[in-house]
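Peer 1: only geometry, no sequence info:
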């Protein structure tokens, strides 16, 4: 009887052990699937998740003052190429906003070429998806955003450090102050062309082949830089000053969207 009882106990222990091993393997497989979901389209049947690129976008806070978030893989390759294709036939010499008239004027501060998407193009499905993604990650309503601007910087071109917020009253009439900006990179294989924040960080960084004080972000296709021009106190943040470093080789393509306090209509 004792031998039989021991066999039963041993059999039960074996069964429990095997069950635990199988359970552990299933758990490990589930964890591995979650880890591997980064960059793998597991959301084919979820339209909202596809629009937000869940499992692809990886936010990285790179500065708290000014507030800067680097959004890895924010755009897909197809979205980057789509924006470039729309922009290419309509590129013109870039301008800066005139504080007296609100119109764009040419300036040696900015030596790129660019264009703005039209209100009609904003209704295109792919553009709407990008607009919604920007809104969700920035927590600023879609209607508060200006039209997306696509820019091309060729060799030796740059954008000197500047603020995106307005220091005049004329430009505040339409939508109020600019509170945040997102810069989306549309091309790879660029030497130089970093987005430079001179008052961010405490170390040095590379900017157009030179080492300078501050923080810079290398343009990588699909990545985006989201930063705020206003502090948590609702005041303009002088430390948000930024610029586009000189391109040393290749072409730097980017898309910019500025966001306002109110609907920018």
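Peer 2: Here it is on my side, so go on. Keep in mind that this is a model prediction, so the values were computed, not measured.

Peer 1: And residue 242, how close does it get to residue 122?
Peer 2: Going from residue 242 to residue 122 by Cβ to Cβ, to the nearest Å gives 25 Å. (Each C-beta comes from the backbone N, C-alpha and C, glycine too.)

Peer 1: Kindly report the same for residue 239.
Peer 2: Look at residue 239 and residue 122: by Cβ to Cβ, they are 31 Å apart.

Peer 1: go on, residue 166?
Peer 2: Remark: distance between residue 166 and residue 122 (Cβ to Cβ) = 22 Å.

Peer 1: between those two, which one's more packed in?
Peer 2: Set residue 166 next to residue 122 and count neighbours by other Cβ atoms under 10 Å: residue 166 wins out with 18 against 15.

Peer 1: Based on its surroundings, how many neighbours for the residue lying closest to that one once chain neighbours are set aside?
Peer 2: Residue nearest to residue 166 in three dimensions, not counting chain neighbours: residue 172, with 5.8 Å by Cβ to Cβ, 6 or more residues apart in numbering. If you count neighbours by other Cβ under 10 Å, residue 172 ends up with 17.

Peer 1: which residues of the stretch 1-150 of the chain score low on pLDDT?
Peer 2: Low-confidence segments of the stretch 1-150 of the chain (pLDDT under 70): 1-44, 95-110.

Peer 1: quick one: residue 191 and residue 249 touch, right?
Peer 2: Yes. Between residue 191 and residue 249 there is a contact under Cβ atoms under 8 Å: 3.9 Å.

Peer 1: which of the two has more neighbours?
Peer 2: residue 191 (15 against 12).

Peer 1: that older thread, separation between the residue nearest to residue 166 and residue 86?
Peer 2: Separation of residue 172 from residue 86 (Cβ to Cβ) stands at 30 Å.

Peer 1: likewise residue 183?
Peer 2: In terms of Cβ to Cβ, residue 183 sits 17 Å off from residue 86.

Peer 1: Same check on residue 130?
Peer 2: For residue 130, the distance to residue 86 (Cβ to Cβ) stands at 12 Å.

Peer 1: Counting neighbours, go ahead and name the busier of these two.
Peer 2: Each of residue 130 and residue 86 has its neighbours counted (other Cβ under 10 Å); residue 130 has more, 27 against 19.

Peer 1: Give the closest residue to that one in space, chain neighbours not counted.
Peer 2: residue 79 (6.2 Å).

Peer 1: That neighbour: how many residues sit nearby?
Peer 2: Residue 79 has 20 nearby residues by other Cβ under 10 Å.

Peer 1: How is it assigned, secondary-structure-wise?
Peer 2: Put simply, residue 79 is helix when judged by DSSP: H, G, I helix; E, B strand; the rest coil.

Peer 1: residues in contact with it?
Peer 2: The contact partners of residue 79, by Cβ atoms under 8 Å, 6 or more residues apart in numbering, come to 126, 129-130.

Peer 1: show me where the stretch 101-250 of the chain has helices.
Peer 2: Assigned by DSSP state H, counting those that start in this stretch, the stretch 101-250 of the chain shows helices spanning 125-138.

Peer 1: one step back: wait, isn't the residue nearest to residue 166 in contact with residue 165?
Peer 2: No. Residue 172 lies out of contact with residue 165 (Cβ under 8 Å); the separation is 9.6 Å.

Peer 1: per the record, what domains does this structure have?
Peer 2: 1-36, 47-260 (automatic domain parsing).

Peer 1: So what pairs up with the residue nearest to the spatial centre of the chain in the strands?
Peer 2: The centroid of the chain falls nearest to residue 224 when counting by Cα atoms, centre = their mean (2.3 Å). When assigned by DSSP bridges, residue 224 has beta-bridge partners residue 71, residue 184.

Peer 1: Any idea how many residues pack against the residue lying closest to residue 65 once chain neighbours are set aside?
Peer 2: Excluding the flanking residues, the one nearest residue 65 by Cβ to Cβ, 6+ apart is residue 239, at 5.9 Å. Burial measure for residue 239: 17 neighbouring residues, criterion other Cβ under 10 Å.

Peer 1: Could you do residue 149 as well?
Peer 2: The burial count for residue 149: 16, using other Cβ under 10 Å.

Peer 1: Many thanks, have a good one.
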